[in-house]
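Peer 1: what follows is a predicted structure for the sequence shown.
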Amino acid sequence: MRPGSFRWRESMRMAVLSAVVLALVGCATPQVSTLQQSWPDSLLPAAMIGSVPFYPQSDYQCGPAALAMVASAAGVPVLPEQLVDQVYLPARQGSLQLEMLATGRRLALVSHRIKPDTETLLREVAAGHPVIVLQNLSFQFAPLWHYAVVIGFDRDRNTIVLHSGRTERMEMSLYTFERTWQRADRWAMLAMPPDRLPATAEADGYARSIAVLERSSARAAHTAYNTALKRWPADPILQLGAGNSAYTLGKITEATQAYQTLVKSHPGFADGWNNLAQVLFDQGQHREAMAAISKAVALGGPRLATYLTLQQQIKAKL
């Protein structure tokens, strides 16, 4: 590729963005039209997050810049250049969504996909959570992918505010934004501090997001599980995750209590009985461990072979 082509193509990216804004301003779109016609009373009419730093994006490295902005706002100060090697793929001249999610986790944040609808997006911003969005600034036959960070909106003015490209607090028509976002399948993510919760998350989906974080940071995941349990105290996956992360951190008493709470509230959860048996076995409580693993074996399921193996190990100690 000839020298200077990156700079030229980034300038073209910004030019296309301006052209899209001019071409689509005022054109109604389905989700925004529906939302404007029946704006929920529980959704603020306007919001602006003032705590999100701005890092100009250049040379197709909008992914590292967007993630650095959101991570810094979440209390993990990091610069775009520190994330380039983790997020940016030179061969693709950009960043894939999987790398964006994975790098957020490596920063000990909960990377969480939100539902692909405008109301969900605005609710998160209204709650003070900047959202990374993927846009296609061109057309489907010649896509021009771009990450930006949504930091505000105004219903009366029908605008959304983004840190985008080289422009801090760029204002864009909600209709224009929806079209560019729709062309990217309305992909959006949060990078949450483990001691905070998204405004729109549901227990199952958020538990899955935390579970993936365990591979990068058991400590952050442990905090996230316990934070989520304050909103969904009876959720079995969150209870299991709290026990698992405590066990990984060597907090055996806490893990035991978590598993005991789980099997008491969800006696049909075989994995809970198995994990309780394991932690009791580790503490030399062999009879109690045998009682727990017998419950898991009786319930069966796809991990029955694992339960049977543990049962044999416990029997050998009785």
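Peer 2: Looks like it arrived, so ask away.
Peer 1: roughly how far apart are residue 318 and residue 294?
Peer 2: 12 Å (CB to CB, to the nearest Å). For the C-beta atoms, the positions are set from N, CA and C on the backbone; glycine is no exception.
Peer 1: compare the two and say which is more crowded by neighbours.
Peer 2: With neighbours defined as other CB atoms under 10 Å, residue 318 and residue 294 compare such that residue 294 has more, 15 against 8.
Peer 1: what residues does that one make contact with?
Peer 2: Counting by CB atoms under 8 Å, 6 or more residues apart in numbering, residue 294 touches residue 311.
Peer 1: all helices in the protein, in order from the N-terminus.
Peer 2: Taking DSSP state H as the test, the helices found in the chain are 5-24, 30-37, 62-73, 80-87, 97-106, 118-126, 174-182, 203-213, 218-231, 236-248, 252-265, 270-282, 286-299, 304-315.
Peer 1: mind putting these into a markdown table with distance to residue 142 and mean pLDDT?
Peer 2: Formatted as a markdown table, the helices of the chain follow (distance: least, CB to CB, whole Å; pLDDT from 0 to 100):
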| stretch | distance to residue 142 | mean pLDDT |
| --- | --- | --- |
| helix 5-24 | 10 | 44 |
| helix 30-37 | 24 | 92 |
| helix 62-73 | 18 | 95 |
| helix 80-87 | 24 | 88 |
| helix 97-106 | 20 | 94 |
| helix 118-126 | 25 | 98 |
| helix 174-182 | 14 | 96 |
| helix 203-213 | 33 | 97 |
| helix 218-231 | 40 | 98 |
| helix 236-248 | 42 | 98 |
| helix 252-265 | 52 | 98 |
| helix 270-282 | 48 | 98 |
| helix 286-299 | 54 | 98 |
| helix 304-315 | 50 | 98 |
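Peer 1: from residue 129, how far out is the residue most central in space within the chain?
Peer 2: Most central in the chain under CA atoms, centre = their mean is residue 112, positioned 1.2 Å from the mean C-alpha point. Taking CB to CB as the measure, residue 112 falls 10 Å from residue 129.
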